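1. Following is a predicted model, sequence given first.
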Amino acid sequence: MREPEKLCLAVIVGSTRRGRFAPTVAGWFAGQARKRADLDVDVIDLAETRLPETLPDHDDAAPPPVLALGARLAAADAFAVVTPEYNHGYPAPLKTAIDWYYEEWKAKPVAIVSYGRESGGRHAAAQLTEVFTELHAVTIRDGMTLACYWEDFAADGSWPKAAAECTTAVTTTLDQLSWWARALREARRKHPYTT
């Protein structure tokens with residue numbers, strides 16, 4: 001029996017702020033994903049992509065950083081978007097990065113991994129769900145919300161503690177994301193998605 005083709009998971013670091021916690025969460029999430037035999041992982045840090053802040057007119061040519069990131073997004077079968085919650089929303093650079101693209105998101109699953117104070121980033125996650133729905137992406141039900149994430153540091157400074165809720169929740173998130181990624185990839189191959 002032939003081994004199934006691996007899925008490409010793009011883990012997007014959605015914060016570009018100095019002192020941000022997003023790379024810690026994204027690194028941990030990507031590490032958990034890399035333990036799975038069915039996933040290849042590409043970590044995309046928006047702070048390193050150098051996307052322009054101003055979107056062009058529809059007829060303008062895309063600049064090289066946009067083309068480079070577009071190729072990585074197009075190659076992905078699934079996305080995990082790691083975002084903080086700022087003032088009940090998500091960061092502006094993440095919205096800009098989403099808005100540069102359309103086809104790259106279409107008919108692909110997205111897991112939202114949010115963090116923040118008591119809400120765990122639920123407000124940001126809800127807004128992202130609306131945006132990705134508009135782009136014809138499928139947000140999976142069991143994303144992750146990390147409330148008061150600073151409480152989950154271990155005594156040695158590592159994150160997260162072995163007993164942290166996220167260490168078990170990540171399995172459900174990755175299981176659902178993989179299922180949807182495989183189902184949607186097969187559907188796109190058999191019947192290209194049109195809008």
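-> Okay, I see it. Keep in mind the model is a prediction, meaning the values are calculated, not measured.
2. secondary structure element for Q127?
-> Here Q127 is covered by helix 122-134, with elements defined by DSSP states H and E.
3. ok, so what distance separates Y102 from P65?
-> 17 Å (C-beta to C-beta, to the nearest Å). C-beta here means a position set from N, CA and C on the backbone, and glycine is covered the same way.
4. Same question for R72.
-> R72 sits 11 Å away from P65, going by C-beta to C-beta.
5. what's the answer for D59, then?
-> In this structure, D59 and P65 are separated by 19 Å, where distance is defined by C-beta to C-beta.
6. Looking at those two, which is more packed in?
-> Between D59 and P65, counted using other C-beta atoms under 10 Å, the more crowded position is P65 (14 against 5).
7. which non-adjacent residue is nearest that one?
-> Closest residue to P65 in three dimensions, ignoring its sequence neighbours and counting by C-beta to C-beta, 6 or more residues apart in numbering: R50, at 4.6 Å.
8. And that neighbour, how close does it get to V82?
-> Where V82 is concerned, R50 sits at a distance of 19 Å (C-beta to C-beta).
9. Could you do P93 as well?
-> Distance from P93 to V82, counting by C-beta to C-beta: 13 Å.
10. and for those two, which residues touch both?
-> When contacts are counted by C-beta atoms under 8 Å, 6 or more residues apart in numbering, P93 and V82 have G14, S15 as shared neighbours.
11. low-scoring stretches of the protein, by residue?
-> Scanning the chain for pLDDT under 70 picks out 1-3.
12. how about the strands in it?
-> 7-13, 39-45, 78-84, 109-116, 138-139, 144-147 (DSSP state E).
13. so which of those gets nearest H191?
-> With C-beta to C-beta, the closest approach to H191 among the strands of the chain belongs to strand 138-139: 15.2 Å.
14. What helices and strands are in contact with the closest one?
-> Using 3 or more C-beta pairs under 8 Å, 6 or more residues apart in numbering; DSSP states H and E as the contact criterion, the elements in contact with strand 138-139 are strand 109-116, helix 122-134.
15. Just put those in TSV and tack on distance to R185.
-> As requested, the helices and strands packed on strand 138-139 are arranged in TSV below (distance: least, C-beta to C-beta, whole Å):
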stretch	distance to R185
strand 109-116	10
helix 122-134	17
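16. from the ones you listed, which stretch is densest packed?
-> Per residue and on average, the most neighbours among those fall to strand 109-116, with a mean of 26 (mean count of other C-beta atoms under 10 Å).
17. Which residues does that one contact?
-> 21-22, 25-26, 29, 78-85, 90, 120-122, 124-125, 128-129, 132, 137-140, 142-147, 149, 173-174, 176-177, 180-181, 184.
18. where along this protein do the helices fall?
-> For the chain, the helices defined by DSSP state H cover 22-34, 46-49, 64-75, 92-99, 122-134, 166-190.
19. Just want the angle from the fourth one to strand 78-84.
-> With axes from the mean of the first three to the mean of the last three C-alpha atoms, to 10 degrees defining the directions, helix 92-99 sits at 160 degrees from strand 78-84.
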